[in-house]
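A.B. asks: Here you go, sequence then predicted model.
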Amino acid sequence: MLKTFLESRLEKWKRLEELTTRVSRYRLTHLSGEELREFGRLYRRTAADLAIAREDVRDQRLVNYLNYLVGRAHGAIYRSESSGFGAIWSFYRYDLPAIFRKNFVYILVSFLIFAAPAIAGFALGYVDNGFADRVAPDLKQKVVAHENWTKEINKSNPVASSSIQTNNIQVTFLAFAGGVLAGVGTFYVLAFNGLHFGLVMGLCFRYRFWELPVFVTGHGVIELSAIFISGGAGLLIGKALLMPGDLRRIDALVTNGMIAIKLILVCIPMLVVAGTIEGFISPQPISPYYKFAVSLLSGLVMAVYFLKPDKRRMEKGPSSELRVPSVEG
């Protein structure tokens with residue numbers, strides 16, 4: 001059955017590849033009217049072939065190839081049909097939450113890579129004086145003296161807020177870019193920052209220095225979430241390099257790299273918001289309960305955003321031409 005299936009459809013798939021390459025490079029306007037109709041027919045036909053391959057043929061290499069091909073065509077259509085502010089709005093409103101959910105396992109692994117050293121750092125900072133002395137003696141001295149170095153930010157202004165954002169974006173970028181080292185760089189950035197964060201919190205709890213944990217509370221939920229997402233993006237790139245599956249390594253890298261870049265695009269506004277809170281709310285001498293409320297509100301807003309269902313199909317109606325099997329990511 002596989003041989004017959006391939007012989008009857010291979011030429012159409014190659015033609016779809018050719019048209020998809022042209023659409024990706026020049027958009028739909030580069031196609032003639034007949035080519036545009038042909039592209040639509042081939043896209044729908046290949047999407048149906050993908051369903052047949054999954055259910056009847058069951059050859060994993062073929063399924064992976066068709067999934068990749070339909071995914072490329074799907075992305076080319078959306079990039080061509082959307083432009084300007086509407087495209088950006090649709091991307092952030094619909095596409096990013098869907099990509100987050102689809103690749104949540106990588107983000108979860110990123111969180112665990114950060115969390116395990118953070119827990120170890122907290123425990124060692126709390127019970128072992130020697131560990132803190134070896135890792136960060138200057139930091140320990142400040143915590144023991146209850147020296148709140150964040151008070152400098154009390155003179156908050158746009159310039160100070162901008163410098164904070166730059167630092168946060170740098171950590172996020174390093175977690176993402178570390179994926180090109182087969183994920184080792186991502187692992188190191190997450191583990192290092194997790195250990196340092198846990199150590200600081202452990203020292204603060206040991207020496208009853210509550211100002212610093214309260215300072216982190218307001219912006220920490222958004223800031224850390226952005227780092228976990230960027231770490232997940234880095235792991236996606238690392239996976240493409242280490243385990244490309246049945247795809248060529250370069251094809252797997254392109255596919256996962258596009259998803260990773262889209263994940264990074266949600267991290268940037270998150271870090272801008274976190275940096276603004278860190279510059280203008282976190283250092284203020286207000287009740288800790290206000291900062292806890294900001295933290296809770298941040299978590300709820302992110303949960304609603306990332307977990308909300310995609311209602312595009314209902315909004316477009318049953319006549320929409322884009323109601324074809326989606327193969328995002």
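C.D. replies: That came through, no problem. Numbers count the residues shown, from 1 in each chain.
A.B. asks: now the helices for the stretch 101-250 of the chain?
C.D. replies: 104-127, 129-135, 137-144, 158-177, 184-206, 211-242, 249-280 (DSSP state H, counting those that start in this stretch).
A.B. asks: Name the spans of the stretch 151-300 of the chain whose pLDDT lies under the cut-off.
C.D. replies: Residue ranges of the stretch 151-300 of the chain with pLDDT under 70: 151-167.
A.B. asks: if we go to 90?
C.D. replies: Low-confidence segments of the stretch 151-300 of the chain (pLDDT under 90): 151-172, 245-248, 250-252, 254-255, 268, 271-272, 275-286.
A.B. asks: For L112, see how far away G194 is.
C.D. replies: Taking Cβ to Cβ, to the nearest Å as the measure, G194 falls 10 Å from L112. (C-beta placed from N, C-alpha, C; glycine too.)
A.B. asks: outside of stretch 188-207, which residues touch it?
C.D. replies: Defining contact as Cβ atoms under 8 Å, 6 or more residues apart in numbering, one finds that stretch 188-207 is touched by 110, 113-127, 131-132, 135-136, 139-140, 143-144, 146, 171, 174-175, 178, 209-210, 212-213, 227, 231, 234.
A.B. asks: switch the cut-off to 6 Å
C.D. replies: Taking contacts as Cβ atoms under 6 Å, 6 or more residues apart in numbering, the residues outside stretch 188-207 that touch it are 113-114, 117-118, 121-122, 125-126, 132, 140, 143-144, 174-175, 178, 212-213, 231.
A.B. asks: Show me which of the residues you listed are buried.
C.D. replies: 113-114, 117-118, 121-122, 125-126, 132, 140, 143, 174-175, 178, 212, 231 (16 or more other Cβ atoms under 10 Å).
A.B. asks: of the residues you listed, closest to R101?
C.D. replies: G231 (16.9 Å; Cβ to Cβ).
A.B. asks: Pull the contacting residues for the nearest residue to L235 once chain neighbours are set aside.
C.D. replies: Once flanking residues are discounted, L235 sits nearest to Y106: 4.7 Å by Cβ to Cβ, 6 or more residues apart in numbering. By Cβ under 6 Å, 6+ apart, the residues touching Y106 are G232, L235, L236.
A.B. asks: next one: V221
C.D. replies: S295, S298, G299.
A.B. asks: separation between A274 and A98?
C.D. replies: 23 Å.
A.B. asks: who's more crowded, those two?
C.D. replies: Legend: neighbour count by other Cβ atoms under 10 Å for A274 and A98, higher for A274 (26 against 18).
A.B. asks: which element is S8 on?
C.D. replies: If you go by DSSP states H and E, S8 is part of helix 2-26.
A.B. asks: What helices and strands are in contact with whichever helix or strand comes after that helix?
C.D. replies: Sequence-wise, the next helix or strand downstream of helix 2-26 (DSSP H and E) is helix 33-52. When contacts are defined as 3 or more Cβ pairs under 6 Å, 6 or more residues apart in numbering; DSSP states H and E, helix 33-52 packs onto helix 2-26, helix 60-81.
A.B. asks: so which of those comes closest to M243?
C.D. replies: Closest among the helices and strands packed on helix 33-52, using Cβ to Cβ: helix 60-81, at 12.6 Å.
A.B. asks: Stretch 123-142 spans what distance, first to last residue?
C.D. replies: 19 Å (Cα to Cα, to the nearest Å).
A.B. asks: So for it, what gets flagged as buried?
C.D. replies: By 16+ other Cβ under 10 Å, the buried positions in stretch 123-142 come out as L124, G125, Y126, F131, A132, A136, L139, K140, K142.
A.B. asks: Save these as JSON lines, and put in distance to H219 and pLDDT too.
C.D. replies: JSON lines is the format used below for the buried residues of stretch 123-142 (distance: Cβ to Cβ, whole Å; pLDDT from 0 to 100):
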{"residue": "L124", "distance to H219": "25", "pLDDT": "93"}
{"residue": "G125", "distance to H219": "22", "pLDDT": "91"}
{"residue": "Y126", "distance to H219": "24", "pLDDT": "92"}
{"residue": "F131", "distance to H219": "27", "pLDDT": "86"}
{"residue": "A132", "distance to H219": "25", "pLDDT": "85"}
{"residue": "A136", "distance to H219": "22", "pLDDT": "80"}
{"residue": "L139", "distance to H219": "20", "pLDDT": "84"}
{"residue": "K140", "distance to H219": "24", "pLDDT": "86"}
{"residue": "K142", "distance to H219": "20", "pLDDT": "87"}
